[in-house]
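[1] Give me the fold of what follows.
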Amino acid sequence: MLRRAISVGLSLVVGLLLCVPPASAAEPIRCPPGSTPRPSTGECIIVATNPGGPSDGNPGGGGAGTGGSGGSTAPQVCTWGGNEIECEGEYGYWSDSRNCYVSPSAITYPPDSPMWAGHHPEGAIYTCYNMFLVGTRAYDFWAAAPPSGPAAPPDPRVLAQQAVAAMQLRAIDVGIVPEARPGSVGLVGMPNWMWVENPAQNTWGPITRTASAAGYTVTATARVAQVVWDMGDGQVVTCGEGTPYEDSFGKKSSPTCGHTYIRQGEYTVTATSQWVITWSGIGQTGTITMDLTRSADLTIGEAQVLRQ
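    Residues are numbered from 1 along each chain as shown. Alright, predicted model coming up:
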């Protein structure tokens, strides 16, 4: 009976506690647009970031290159120790100049506090917090203006240009029969063979290079899409790598890249390597095209039939 009475009494006490109306609630924090309320201190946190502006750079490689496609502005990226981190969070915004997250200090310092360094009421006192440090991770400081936010990343198209420059791309070495040398004469009506002589990474591809700046990296890969042969007689032949000629082929036509002259004369053959370079990095991708040429001079004659 006593246990029951105590139980009922406790229930009544709990019920009374639960029914007690709360003290008058504090007025909700009203902050201007673009800011975040901090209920613990009643402050409005305004985060200032530097989004960076669009760049008009042209990623074409060399004088013969054309611009690459890609987005206009790279996304904001913040890093610490080579690792990507959030640019904004509960501790404020990341400041590259301070190497920490910055927010208005939660402490109200009196005007004569050494923290103001005699500047009150100019400027403000901020908290610098870096959870990645060992030991002291936070401290307050005075600044005349909010510290700068994360630095804008480099233009990936500029880094793509640098990667392409590192490739040292060249036109193909011309392989052709009849040979382009003094004393070599081809014949009207006989098949000519054209090919890429001694293809290398920087004359045919694929070749990959990277370029980096401020912890960001862009990777570019280049390869020749096709070779356009201007035969000098008004005819143009588009080929791939072609097939090198061997003496055992005799008078056969090339199965992949050939031409036949119908008139004798001196001809300048121009081979244009059409490079296609794809790149990616800093959240963007793009394509660069580049034409590189090499020429060779041919002599074409007519076969003479001797009668006895």
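[2] Quick check: beta-bridge partners of residue 174?
    residue 196 (DSSP bridges).
[3] let's have the chain start at 407 instead
    Got it, first residue is 407 now, which makes that one residue 580.
[4] Just the pLDDT for it.
    On the pLDDT scale, residue 580 is placed at 96.
[5] Surely it and residue 604 touch.
    No. Between residue 580 and residue 604 there is no contact under CB atoms under 8 Å: 10.4 Å. Heads up, the C-betas are built off the backbone N, CA and C, glycines and all.
[6] For this structure, just list every one of the helices.
    Read by DSSP state H, the chain holds these helices, from start to end of the chain: 408-425, 562-573.
[7] More neighbours: which of residue 580 and residue 604?
    Neighbour tally, residue 580 and residue 604, criterion other CB atoms under 10 Å: the higher count belongs to residue 580, 19 against 10.
[8] Give me the neighbour count for the closest residue to residue 521 other than its chain neighbours.
    Nearest residue to residue 521 in three dimensions, chain neighbours excluded: residue 515, at 4.7 Å (CB to CB, 6 or more residues apart in numbering). Neighbour count of residue 515, defined by other CB under 10 Å: 14.
[9] The one 10 residues further on now?
    Other residues lying near residue 525 total 14 when counted by other CB under 10 Å.
[10] phi, psi of it?
    Backbone geometry at residue 525, expressed as degrees, to the nearest 10, gives phi -90, psi -10.
[11] Would you quantify the distance from it to residue 511?
    Plainly put, residue 525 is 14 Å away from residue 511 if you go by CB to CB, to the nearest Å.
[12] In the beta-sheet assignment, what are the partners of the nearest residue to residue 638 once chain neighbours are set aside?
    In this structure, residue 638 finds its nearest non-sequential neighbour in residue 673, 3.6 Å apart by CB to CB, 6+ apart. Beta-bridge partners recorded for residue 673 (DSSP bridges): residue 704.
[13] Check residue 627 too.
    Residue 627 has these beta-bridge partners by DSSP bridges: residue 614, residue 684.
[14] That one and residue 616 touch, don't they?
    No. The criterion here is CB under 8 Å, and residue 627 misses it with residue 616 at 10.0 Å.
[15] Endpoints of stretch 659-673, how far apart?
    20 Å (CA to CA, to the nearest Å).
[16] Go ahead and name everything in contact with that stretch.
    With contact meaning CB atoms under 8 Å, 6 or more residues apart in numbering, stretch 659-673 is reached by 592, 594-601, 633, 635, 637-639, 641, 643, 645-649, 651, 703-708.
[17] what comes up buried for that stretch?
    By neighbour count with 16 or more other CB atoms under 10 Å, stretch 659-673 contains the buried residues 660, 663, 664, 665, 667, 673.
[18] Stretch 645-659 too?
    645, 647, 648, 649, 651.
[19] Can you give me the distance of the third one to residue 686?
    The one in question is residue 648. Residue 648 sits 30 Å away from residue 686, going by CB to CB.
[20] With the last one instead?
    Distance of residue 651 to residue 686, computed by CB to CB: 39 Å.
[21] for the first one, same thing?
    Counting by CB to CB, the gap between residue 645 and residue 686 amounts to 29 Å.
[22] Likewise for the fourth one?
    Taking CB to CB as the measure, residue 649 falls 34 Å from residue 686.
[23] quick one: residue 499 and residue 510 touch, right?
    No. With contact defined as CB under 8 Å, residue 499 does not reach residue 510; the gap is 11.3 Å.
[24] More neighbours: which of these two?
    More crowded of residue 499 and residue 510, by other CB under 10 Å: residue 499, with 23 against 18.
[25] got a pLDDT number for that one?
    With respect to pLDDT, residue 499 scores 88.
[26] Relative to residue 492, how far out is it?
    Distance of residue 499 to residue 492, given as CB to CB: 10 Å.
[27] Give me the buried entries from the contacts of stretch 659-673.
    The neighbour-count criterion (16+ other CB under 10 Å) marks 592, 597-601, 633, 635, 637-638, 643, 645, 647-649, 651, 704-706 among the contacts of stretch 659-673 as buried.
[28] can you pull the contacts of residue 581?
    Neighbouring residues of residue 581 by CB under 8 Å, 6+ apart: 599, 600, 601, 602, 603, 648, 650, 651.
[29] cool, and residue 697?
    By CB under 8 Å, 6+ apart, the contact list for residue 697 reads 470, 678, 679, 680, 681.
[30] What about those residues, which are in strands?
    678, 679, 680, 681 (DSSP state E).
[31] Make a PyMOL selection of whichever of those turn out to be buried.
    This is how PyMOL selects the buried members of the ones in strands among the contacts of residue 697, with burial counted by 16+ other CB under 10 Å:
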select buried, resi 678+679+681
